[in-house]
Structures are given as structure tokens and as C-alpha cells.
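Enquirer: Fold the following for me, if possible:
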Amino acid sequence: MSEGPDVVCVGESMILVVPGEGQRLADARSAALTVAGAESTVALYLADLGHRTGWLSRVGADPLGEHVLAEIGGGGVDVGLVVRDPEAPTGVYFKDPAPEASGVYYYRSGSAASRLSTADLDRLDLRSTRLVHLSGVTPALSDSAAELATTLLARAGAQGVLRSFDVNHRPALWSATEAAPVLLELARASDVVFVGLDEAEAVWGTGTPEETAALIGGSAAVVVKDSDVGATLVERGRSVFVPAEPVDVVEPVGAGDAFAAGYLSGLLRGATPEARLLLGHRVAGFALRSMNDHADATSLRPAVLS
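Expert: Below you'll find the model as predicted:
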């Protein structure tokens, strides 16, 4: 009998359509399909780092859903917890590359992932799970998905499973005013919280890592990322800062999820706070040097605590 996953990541993944050869969408004559989603990206990087990882979600019973499952499953993630929904499609979004900043256009309304609900947790057995991870994208998808997020954290906490939450506020899904109380409630129900410094200021009005940790309160370990400057962990009243390593950035998309995976890998392996943050930066470097959300980081596996 095979062992269940150590880590379960819960949330939406979609098909990402990228025009060929740096073309703008309006001019494109060809495009490539890939897969993107905050939680599944964390799962893929954790699998790269040697962890047994599962992903729970919903995709459409369509060819795009097959593509999502094949890509994530092919990366070493257990996709047995994913439902193929015959009544809703797999979500899609398009990237519109531009020298100044790429635009993104989402087509996810009524998607299978938006139908996530607490009923999806009935197939999740947490007895062998060490950690669950989700992000602020999930509660923004629908009322039922928001209820799933709250229930997941409550059940995991009751069973002694570590709870990881990435604030990951998406203004395209909901405003900061609407999101702030929901995201704060989920952060306060978690053991590890990831948030960008600018994101915390925009959503909660906090200006420093310490202010953010104080707002969340409790015993949560709060990791505040400051772009290419570095990251600060505030835990039990102590702040630890580790600067980011220099990287020739191709695209920043996916770097936050990669950082979370590196940090969580260090945490699961008993690394020091400094080593957790450093590993987060190193994994993020793979994403920053790639056009894709996930870039193979298996080369870091043997040196995960160095």
C-alpha cells in the first residue's frame, strides 16, 4: 500500500495560453498551452524537492482538464484528489506580452474550480498529512470555495496538521476592501503565512513585517516578502531577514509560489529560519529565470538544507 502525501495543496489551476515568439495577443498566429495555478505550482516545487505532494481541486471533464492533470501529475504530484466535473469547464487565461508589462486576461467564470466546496474535503484523509497549503485565490472564486478554505484550515488544525496560507490577493477577483477581512481571518487560522510587503500594505495597511505579524497575531510564523530585496520571518517575537540572491529575471510570475515551496520544504525538514528563507530564495530563482510558473528545481533536492 502506497503512502499518502505529506503535503496537500488545495486550489485552482487553469490553462495558460501564451502567444508565440513574443507576439501580442492581437497579432498572434500561434500560441503555446501551459498550466498555471498558485497551489499546484507550490505542489510541483515541493515534489521537485523530494516531498510526497498531492493536489486537490476540480477541473472540467474536457481536453483542457486532461492537459492540466497530465502536466501536474507528470511533475510528480498526486492528482488523485482532483475531480473531473462534467458540468463545468476548465478555466483558461491568456497572457498578452508587452515590453513594459504583460497583460493577463482571465476566462474562469463558472469554471470547475469555482465549484469547489466543503464536499470536496470528504475525500481528503488528513491522518498521514503533515501540512496543507492554500492561497487567497481560493476564497475569491466563490462562496462555496471560501467555505472550503475556512473548513480546511479548521479541520487541519483540529488534527494537528500544519496550515500554510499565502495571502496572494488578486485585485482582478476582488477589491482590497472586500478581501481584507476574509484574508485576515484565514491568516489568523494558519500556522505559516506568506504575504508580500506591498500586498500587506495594500490590503491591511501595514507598513512593516512586524506590523503585519502583529495584526495577524497568535503564534503564526509570518513570512513577508519584499521583491528583490529579501524576505523577513517574524516568529515568536523574533525577526529574521535574509536578502534575496541576485537573479537575471526573465519573468516574475510564479516566484512567490516557488519561494513558499522552498520555505515549506525547509520547515518540513527541520531547517533553521535562516535556511528556510534562503531555500525559498533559491527556489524562487528558478521561477524568475523562466517564462513558466514552474521550472524544474530538482537539482536543489540534495542540497535542501545546505
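Enquirer: Distance of S164 relative to S109?
Expert: S164 sits 28 Å away from S109, going by CB to CB, to the nearest Å. C-beta here means a position set from N, CA and C on the backbone, and glycine is covered the same way.
Enquirer: Helices along the chain, start to end?
Expert: Using DSSP state H, the helices assigned to the chain run over residues 38-48, 63-74, 137-141, 143-158, 176-188, 197-204, 209-216, 255-268, 273-288.
Enquirer: Could you say which of those helices is packed most deeply?
Expert: Neighbour counts (mean count of other CB atoms under 10 Å) averaged over each of these peak at helix 38-48, with a mean of 29.
Enquirer: which other residues reach it?
Expert: Residues from elsewhere that reach helix 38-48 (CB atoms under 8 Å, 6 or more residues apart in numbering): 7, 9-13, 53-55, 57, 72, 75-77, 133-135, 137-138, 166, 168, 254, 256-258, 260-262, 264-265, 283, 286, 293-294, 296-298, 300-301.
Enquirer: Any idea which of the helices of the chain gets closest to D226?
Expert: Between D226 and the helices of the chain, the tightest spacing by CB to CB is seen for helix 197-204, at 4.4 Å.
Enquirer: starting at the chain centroid, how far to the closest one?
Expert: Distance of helix 197-204 from the chain centroid (CA atoms, centre = their mean, to the nearest Å) equals 17 Å.
Enquirer: before we move on, what about stretch 49-69?
Expert: With CA atoms, centre = their mean, you get 14 Å for stretch 49-69.
Enquirer: So between S164 and S109, which is more surrounded?
Expert: The residue with more neighbours, out of S164 and S109, is S164; 27 against 9, by other CB atoms under 10 Å.
Enquirer: picking that back up, and of the helices of the chain, who's closest to A31?
Expert: A31 lies closest to helix 63-74 among the helices of the chain, at 13.4 Å (CB to CB).
Enquirer: list the helices and strands that closest one packs on?
Expert: Under the contact criterion of 3 or more CB pairs under 8 Å, 6 or more residues apart in numbering; DSSP states H and E, helix 63-74 touches strand 14-19, strand 31-36, helix 38-48, strand 58-60.
Enquirer: Which residues does it contact?
Expert: 13-15, 33-35, 40, 43-44, 55, 59, 79, 82, 84, 89-90, 92, 112.
Enquirer: Could you write me a PyMOL select line covering just the buried ones among the residues you listed?
Expert: Here is the PyMOL command that picks out the buried ones among those, judged by 16 or more other CB atoms under 10 Å:
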select buried, resi 13+14+15+34+35+40+43+44+55+59+79+82+89+90+92+112
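Enquirer: Any stretches of the protein with poor pLDDT?
Expert: 1-2, 99-101, 250-253, 290-292, 302-306 (pLDDT under 70).
Enquirer: and A172, how many neighbours does it have?
Expert: A172: 10 neighbours (other CB under 10 Å).
Enquirer: what sits against it?
Expert: Listed by CB under 8 Å, 6+ apart, the contact partners of A172 are 104, 106.
Enquirer: ok, it to E211 distance?
Expert: When distance is defined by CB to CB, A172 is 26 Å away from E211.
Enquirer: ditto for A113
Expert: Going from A113 to E211 by CB to CB gives 33 Å.
Enquirer: Dump the helices of the chain to a markdown table, plus distance to R238.
Expert: Output for the helices of the chain, formatted as a markdown table (distance: least, CB to CB, whole Å):
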| stretch | distance to R238 |
| --- | --- |
| helix 38-48 | 25 |
| helix 63-74 | 36 |
| helix 137-141 | 30 |
| helix 143-158 | 23 |
| helix 176-188 | 19 |
| helix 197-204 | 18 |
| helix 209-216 | 10 |
| helix 255-268 | 16 |
| helix 273-288 | 8 |
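Enquirer: Nearest to S128, out of those helices?
Expert: Closest to S128 of the helices of the chain is helix 143-158 (CB to CB; 12.7 Å).
Enquirer: how near is V132 to V68?
Expert: V132 is 20 Å from V68, by CB to CB.
Enquirer: ok, now L233?
Expert: In terms of CB to CB, L233 sits 33 Å off from V68.
Enquirer: can you tell me which residues contact N168?
Expert: For N168, the contacting residues are 38, 135-137, 194, 199, 256, by CB under 8 Å, 6+ apart.
Enquirer: and it, how far is that from G11?
Expert: Between N168 and G11 the distance is 9 Å, computed by CB to CB.
Enquirer: And for D166?
Expert: Separation of D166 from G11 (CB to CB) stands at 10 Å.
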